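> fold the following and give me the result.
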Amino acid sequence: MAALGFVSGLPLMLTLTTLRQWLVERGTPVSVIGLTANIGLAYTLKFLWSPLLDRVPAPFGLARFGRRRGWMLAMQPLLALCVAGMALSGDPVWTVAAAAGVAFCSATQDIAIDAWRIESFDEARQGLATAVYVWGYRVAMLVAGGGTIWLAGQIGWQAALLAVAGLALASVGVTLAAPEPVVAIRSVGQGSLLKRAREAVVAPLLEFVGRRGGVLILAFVALFNLGEAMAGVMLTPLYRSLGFSRDVVAGTSLFSLAGSLTGIAAGGWIVARIGLRRALVVTGFGQMAAMALYIVLAGAPGAVTLLYGVVLSEAFVQGVATASFLAYLSTLCSRAHTATQYALLTSLAVLGSHVIGGFSGFVAEAVGWQAFYGIAMACALPAMTLMLIILRRQSSGDPAWSR
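Prediction:
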């Protein structure tokens, strides 16, 4: 699971910070660099083609390896090829196009890996499996981000990116070593194209909404990260307004990484110790309370020690909450529509944050930093209220509310 997490996390930073740093050093026009913002749409919109991975066997004769592994094996050589295309491209526009190919192949691979994880572990082990997965993911982000930028300074950009392409290709070995989960696979139905599309795309959504409490659960998923997203968007302007230097702000990344990795591990342990639903409540309210630290920080300009303590603490709590939340999403998916429903849920989890979080700057300007972070805390309350309602009804013994 850790190895698959590394495989999944490797392409992300490559198409974001690393790509932009390379383009800047090549003197690429700002207009072209701006196009890189659209690359991430592949991760947001992956739910649109996720039904294919639930219903269609892997291409290129790879179906014999299984539905999940077959699709991973189909994407991984293409992913390595696109990374190599980035390295060998001499034109910035073609470089961005190759990066878009990396994002698409990566997002498709993520669909298969998420489905593999959900189908391979029971609910009691989903928290631990998710935590280990995210550990691998974060390490890969470090390798593909700062690690690749540093390596480019030693051996040049082309060689550094080709080295990452080699790592991506090595992921084939990880997939071959992973056992295919034993689940019943539904094949593409018969009938018109419209009918088959309805079965693949609409049926998983209707199956979820049709459950007792399905709409409440979807609302909770959409709102869970809203407060944290609002707070996170404004961190850079907050640090600047408090007078922290560039070097001090750069130093927060180490504390953030340490807190996050430790929190993710703790989150997996907590889920196994007290149960998924109780862990979700505890960590959700903990995540909300941690935002109060930024209210304290906003009243202490230039306090570097306090800054690092706040970043470490908040990242730890956020890591715990992330492990619990992703494990919860995993348990919501029907085994008949694993890839489709998980892709829908993860897209929904960030959609509200992206839409409403975009207004954070206007709110911060209007009310000031301390009041803004108080509002961000309050934005977490609706999700936690919904969670308490859902858990109370599930614990009532009604089998329609049980998973």
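
> okay, how far is it across stretch 298-310, tip to tip?
End-to-end span of stretch 298-310 (Cα to Cα, to the nearest Å): 11 Å.

> list the buried residues in that stretch.
For stretch 298-310, the neighbour count (16 or more other Cβ atoms under 10 Å) marks 298, 303, 307-308, 310 as buried. Heads up, the C-betas are built off the backbone N, CA and C, glycines and all.

> make JSON lines out of the residues you listed and add distance to residue 236.
Converted to JSON lines, those look like this (distance: Cβ to Cβ, whole Å):
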{"residue": "298", "distance to residue 236": "14"}
{"residue": "303", "distance to residue 236": "17"}
{"residue": "307", "distance to residue 236": "13"}
{"residue": "308", "distance to residue 236": "16"}
{"residue": "310", "distance to residue 236": "15"}
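
> closest one to residue 377 out of these, please.
residue 298 (12.6 Å; Cβ to Cβ).

> measure the closest one to residue 316 for me?
20 Å (Cβ to Cβ, to the nearest Å).

> just residue 111 next, same as before
In terms of Cβ to Cβ, residue 111 sits 29 Å off from residue 316.

> more neighbours: which of the two?
Using other Cβ atoms under 10 Å as the criterion, residue 111 and residue 316 rank with residue 111 on top: 27 against 23.

> show me what contacts that one?
Contact partners of residue 111, counting by Cβ atoms under 8 Å, 6 or more residues apart in numbering, are 46, 49-50, 53, 71, 339, 342-343.

> quick revisit: ok, the buried residues of stretch 298-310 vs residue 255, which is closest?
residue 308 (5.0 Å).

> closest to residue 216 among the buried residues of stretch 298-310?
residue 310 (33.2 Å).

> which elements pack onto the helix or strand containing the closest one?
Assigned by DSSP states H and E, residue 310 belongs to helix 304-332. Other elements packing on helix 304-332 under the criterion 3 or more Cβ pairs under 8 Å, 6 or more residues apart in numbering; DSSP states H and E are helix 92-120, helix 123-142, helix 246-274, helix 276-290, helix 292-298, helix 338-357.

> at 7 Å instead, please
Judged by 3 or more Cβ pairs under 7 Å, 6 or more residues apart in numbering; DSSP states H and E, helix 304-332 is in contact with helix 123-142, helix 246-274, helix 276-290, helix 292-298, helix 338-357.

> return the helix or strand in the chain with minimum mean pLDDT.
Every helix and strand of the chain was ranked by mean pLDDT, DSSP states H and E. The lowest is helix 193-197, at a mean of 55.

> pLDDT score assigned to residue 390?
Here the pLDDT value assigned to residue 390 is 84.

> for it, grab phi and psi.
phi -60, psi -50 (degrees, to the nearest 10).

> from residue 378, how far out is it?
20 Å.

> the more surrounded of the two?
Neighbour count, other Cβ under 10 Å: between residue 390 and residue 378, residue 390 has more, with 18 against 13.

> contact partners for residue 2?
Going by Cβ atoms under 7 Å, 6 or more residues apart in numbering, residue 2 touches 132, 135-136.

> which of those residues scores worst on pLDDT?
residue 135 (85).

> mind listing what that residue touches?
2, 5, 261, 264-265.

> now with 10 Å, please.
1-2, 5-6, 9, 260-261, 264-265, 268, 319, 323 (Cβ atoms under 10 Å, 6 or more residues apart in numbering).

> tell me how this protein divides into domains.
2-188, 195-401 (automatic domain parsing).

> check these for me: which has the lowest mean pLDDT.
domain 195-401 (a mean of 81).

> residue closest to the middle of the chain?
The residue lying closest to the centre of the chain (Cα atoms, centre = their mean) is residue 346, at 7.5 Å.

> wait, isn't that residue in contact with residue 110?
Yes. Using Cβ atoms under 10 Å, residue 346 makes contact with residue 110 at a distance of 8.9 Å.

> which residues do those two both contact?
In contact with both residue 346 and residue 110: 43, 46, 50, using Cβ under 10 Å, 6+ apart.

> export these to a markdown table and tack on distance to residue 280, neighbour count and secondary structure?
Listed next are the shared contacts of residue 346 and residue 110 as a markdown table, based on distance: Cβ to Cβ, whole Å; neighbours: other Cβ atoms under 10 Å; DSSP: H, G, I helix; E, B strand; the rest coil:
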| residue | distance to residue 280 | neighbour count | secondary structure |
| --- | --- | --- | --- |
| 43 | 24 | 19 | helix |
| 46 | 24 | 24 | helix |
| 50 | 24 | 30 | helix |
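
> tally of neighbours for residue 159?
12.
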